[in-house]
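okay, here's the prediction I keep looking at, along with the sequence it came from:
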Amino acid sequence: MLIVENLRKEYKNLVAVDNISFKVEEGRIFGILGPNGAGKTTTIRTVLNIIKPDSGKISFNGKPITNKFFNTMGYLPEERGLYKKSKVIDVILYFAGLKQMPRKKALLEAKSWLEKLEIGQYYDKKVEELSKGNQQKIQFIISVIHNPALLILDEPFTGFDPISQNLIKEMILSFVTSGKIIILSTHQMETAERLCSDILLINEGKEVYKGTLNNLKRNFGINTVKIEFEGDGGFISSLPVVKNVDRYSNYAEVHLNDDVNPSDFLKMIVNKIDIKNFSVLEPTLNKIFIDVIKQSKK
Amino acid sequence: MKKIFEVARWEFVEKIKTKTFIISLILTPAILILFSIAPTLLSEQEVDNTKVFGIVDTSGLYIKEMQEELSRYTIKGNQPNYLLVNLTSKEKSYADLKKSADRDVLNGKIEGYLLIENAETDSVSVSYRSKSLGNMKDISRFESAFNEVRIKLKLDKENVNPYLLDYISQSVQINPIRIEESGKETANDFILTFFSSFVFIMLLMMMILYSGGMLIRSLVEEKSNRLIEILISSCTPNELLTGKILGLSTLGLFQIFIWIVIGLSLTGTSVVPIEVFKNIFPILIYFILGFVFYTSLFVGIGSVVTSEQEAQQITTYLSFLLVLPIIFVLPAVETPDALYIKILSYIPLTLPSFMMLRLNISPIPEWEILSTIVIMLISIYLMINISAKIFRIGILSYGKRPSLKELIQWLKE
């Protein structure tokens, strides 16, 4: 278990992280969300022991994080890059070596990872000869090859095509089953929703929300559903649970009252019109941020 | 420790494989060899035909004697080196003679001519007139020939014994001999001193520039693509820094090793005189210390700069410091004990190259060698520490370059 308590980091005239606390258990993915400059990277760096916090405690399985933990941590930074002129396998082996993996074992693991991510044929190529997506796969391999107990992924899906995204997602989920502690930092609501069991929302270094994602949406969401239907949908706007409707010929976006559950609304309309598609519209993270920040300022 | 070696191995293996490294490995000695043999080759090449010069002397006193004097110089096949044509004729006035001789020069009939004026007086003067300013070697030969003739004529006139005449015209050269310790002495040759110090200073400069540039570039790259974050989430900044310095120093040593092998195989030939290797051991020590010192300095700088252009600028400035001794070679040979030379050989930035220079000029007392080595070792230790502090913070700050004030702040942390 990773426990972060009252973390604080101050730069010259800026409090980057202000009293942040959270806990991540084995086999769970913890999402850190926040706008740019919110303090995500600083939080991650202190967990990685790259920088020292001014105050606060970070412990991993009951022990404070020190340099000894380097080999049990894996990190995928948001900005991607590798040694372009070097061979794929050499780069992987270098980073595996830095995590003190025996060379033979690292070579076997590297080959199996390259196969798993469907880029086995680039084994002997120079990094610069690979497409951007494939370079990112190499970087992903670097962050996981030494089988870290704690894995920190910063925007792991950006830059991947949907097929590769899926591949990476499956890998991450397999780490959940094998009991790793995973911290995922992202802007993308969709990513967070698909993977994270718990999230921490921060802004200007302060905690804004901590808990499950569903709760967050319920708290800050705009409660809008989208329906595609056949039939006369005119009655919808007159329902008492509806705030307002944006209606087109066979498509409508319905803004429900805050206390109304979308599935209750579905029950009310399902017998009256022929519904082709019903979905709850996700509020964008941006929207939530704006709402949340507004709320936290009050 | 293991991680340091991992970093060092990576830096060494990856850099040694690059094309630029292989090229510089071969090109640097090739350029130096070219520099050392090109002048000889070129000066040997020019003498395969007799050069035609003219002489104008209305008094007629010098013409025959000069022709005789210059016939001493011969080239391949016992051919005369110079043919001195008499352009003087009684019918023409001095002005006309000059005019027609000038024309001959411009038409390319002769390379140039000697114009002798006031020949009958003691204030005789000679000018050499040609299209170009002329070959220094030729002119100096003309000059010594003329002076010999002038003295001969004067002594003749005063009825001096011809034996004395020969005696006077001979001159004795002073042989510079360097005494190193009692019973051990060597003939010293300025060119060799210059050359052997020059070779090592140039090599040091080129290597530092080359590998320093490489180091900064790789740091800027690692910083800009955030590889540095993966690196320092795998090892401490100190391990990373030490590994880099170790790797690059090994690379430098490997390079010197190859160059020394090339040098040794050419020793004794005209390309590499044996003198180059005379003080090889102390020179190598200074070379290595200088290299490690500058490498650690570059690590500190590399972690602060934000772009390759900036890196380029800084390497250029630093290279001036390294070339400095080359400017001082001449005064240092003349007065090796000058205070400023001593001072410069105690400042870590210039110490290695100045000591390399001084080693070849005059014997240096043991205590001075020892104290400079100790100074160098302490400086390296301090430099690594300073660089490490800057490095730890510098590698994680992106964007703006830190101000001097901020840097000092970092050093205090």
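Great, that's in hand. Residues are numbered from 1 along each chain as shown, chains lettered A, B, ... in the order given.

and residue A:140, how far is that from chain B?
Going from residue A:140 to chain B by C-beta to the nearest C-beta, to the nearest Å gives 12 Å. All C-beta spots, glycine's among them, are computed from the backbone N, C-alpha and C.

what's the answer for residue A:242, then?
Plainly put, residue A:242 is 48 Å away from chain B if you go by C-beta to the nearest C-beta.

around chain B, pick out the residues from chain A.
A:45, A:48-51, A:67, A:70-71, A:73, A:75, A:77-83, A:85-86, A:90, A:94-95, A:97-100, A:142-143 (C-beta under 8 Å from any C-beta of the partner chain).

just the buried members of these?
Restricting the residues of chain A next to chain B to buried positions leaves A:45, A:48-51, A:70-71, A:73, A:75, A:77-78, A:80-83, A:86, A:90, A:94-95, A:97-99, A:142-143, with burial counted as 16 or more other C-beta atoms under 10 Å in any protein chain shown.

chain A contacts on the stretch 251-400 of chain B?
Residues of the stretch 251-400 of chain B lying near chain A (C-beta under 8 Å from any C-beta): residue B:396.

what about the residue in the stretch 251-400 of chain B positioned nearest to chain A, which SS state?
Nearest residue of the stretch 251-400 of chain B to chain A: residue B:396, at 6.8 Å (C-beta to the nearest C-beta). Of the three states, residue B:396 takes coil under DSSP: H, G, I helix; E, B strand; the rest coil.

start to end distance for stretch A:74-84?
Start-to-end span of stretch A:74-84 (C-alpha to C-alpha, to the nearest Å) is 21 Å.

let me see the mean pLDDT of that stretch.
What stretch A:74-84 shows for mean pLDDT is 86.

same question, stretch B:30-40
Stretch B:30-40 carries an average pLDDT of 71.

show me the contact partners of the longest helix along chain A.
Looking across chain A with DSSP state H, the single longest helix is helix A:162-177. When contacts are defined by C-beta atoms under 8 Å, 6 or more residues apart in numbering or on different chains, helix A:162-177 is touched by residues A:27-29, A:116-118, A:133, A:137, A:140, A:144, A:151, A:153, A:156-157, A:160, A:182, A:184, A:194-195.

residue B:266 reaches residue B:199, doesn't it?
No. In this structure residue B:266 lies outside contact range of residue B:199 using C-beta atoms under 8 Å: 11.8 Å.

compare neighbour counts for the two and give me the winner.
Shown here are residue B:266 and residue B:199; by other C-beta atoms under 10 Å in any protein chain shown, residue B:199 has more neighbours (20 against 16).

wait, is that one part of a helix?
Yes. Assessed by three-state DSSP, residue B:199 belongs to a helix.

how much space between it and chain A?
Counting by C-beta to the nearest C-beta, the gap from residue B:199 to chain A is 31 Å.

then residue B:224?
Remark: distance between residue B:224 and chain A (C-beta to the nearest C-beta) = 7 Å.

wouldn't that residue be in contact with residue B:217 here?
No. Here residue B:224 lies out of contact with residue B:217, judged by C-beta under 8 Å, at a distance of 10.6 Å.

what ranges does chain B have for its strands?
Ranges of strands in chain B, per DSSP state E, are B:51-57, B:74-75, B:79-80, B:82-86, B:112-117, B:125-130, B:177-181, B:184-187.

can you lay out these as CSV showing mean neighbour count, mean pLDDT and distance to residue A:268?
Shown next, in CSV, are those (neighbours: other C-beta atoms under 10 Å in any protein chain shown; pLDDT from 0 to 100; distance: least, C-beta to C-beta, whole Å):
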stretch, mean neighbour count, mean pLDDT, distance to residue A:268
strand B:51-57, 21, 88, 115
strand B:74-75, 14, 79, 116
strand B:79-80, 14, 82, 120
strand B:82-86, 18, 87, 120
strand B:112-117, 22, 88, 115
strand B:125-130, 15, 89, 113
strand B:177-181, 11, 65, 108
strand B:184-187, 11, 55, 109
